[in-house]
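Trainee: coordinates only, sequence not included:
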């Protein structure tokens, strides 16, 4: 049985390239955000194949670090009831 990489309520940030997801992982770990680089869940699609998983209580911290570094995810999903729900498009504030 496959290990569950994303728990209920966890958030998954998808980036548009492997370069951007690796850079995001580097800056988030540098700033000691609690994140994990994971394969993109099967239910989601991504050209890059990797995503960043984090808990809801890390959302503001992760978003702030990524905004400072100008590394905006293309999509952020939250796992709810075993499915993934697309959150508001990142980088669009107002």
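Mentor: Looks like it came in fine. Only a predicted model underlies this, so the values are computations on that prediction, with no experimental measurement involved. Numbers count the residues shown, from 1 in each chain.
Trainee: just give me the longest helix of this protein.
Mentor: Looking across the chain with DSSP state H, the single longest helix is helix 18-30.
Trainee: right, and the helix or strand after that helix?
Mentor: Downstream of helix 18-30, the first helix or strand assigned by DSSP states H and E is strand 35-39.
Trainee: now do that next one: everything it contacts.
Mentor: Residues from elsewhere that reach strand 35-39 (C-beta atoms under 8 Å, 6 or more residues apart in numbering): 5-6, 12, 21-22, 25, 28-29, 49-54, 58, 62. No exception for glycine: its C-beta is placed from N, CA and C like everyone else's.
Trainee: of these, buried ones?
Mentor: For the contacts of strand 35-39, a burial check counting by 16 or more other C-beta atoms under 10 Å picks out 6, 12, 21, 25, 28, 50-54, 58, 62.
Trainee: redo the residues you listed as CSV? Include distance to residue 73 and pLDDT.
Mentor: Output for the buried ones among the contacts of strand 35-39, formatted as CSV (distance: C-beta to C-beta, whole Å; pLDDT from 0 to 100):
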residue, distance to residue 73, pLDDT
6, 15, 94
12, 9, 97
21, 9, 97
25, 12, 98
28, 11, 98
50, 12, 95
51, 9, 96
52, 8, 97
53, 12, 98
54, 11, 98
58, 14, 97
62, 9, 98
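Trainee: fine by me, we can end here.
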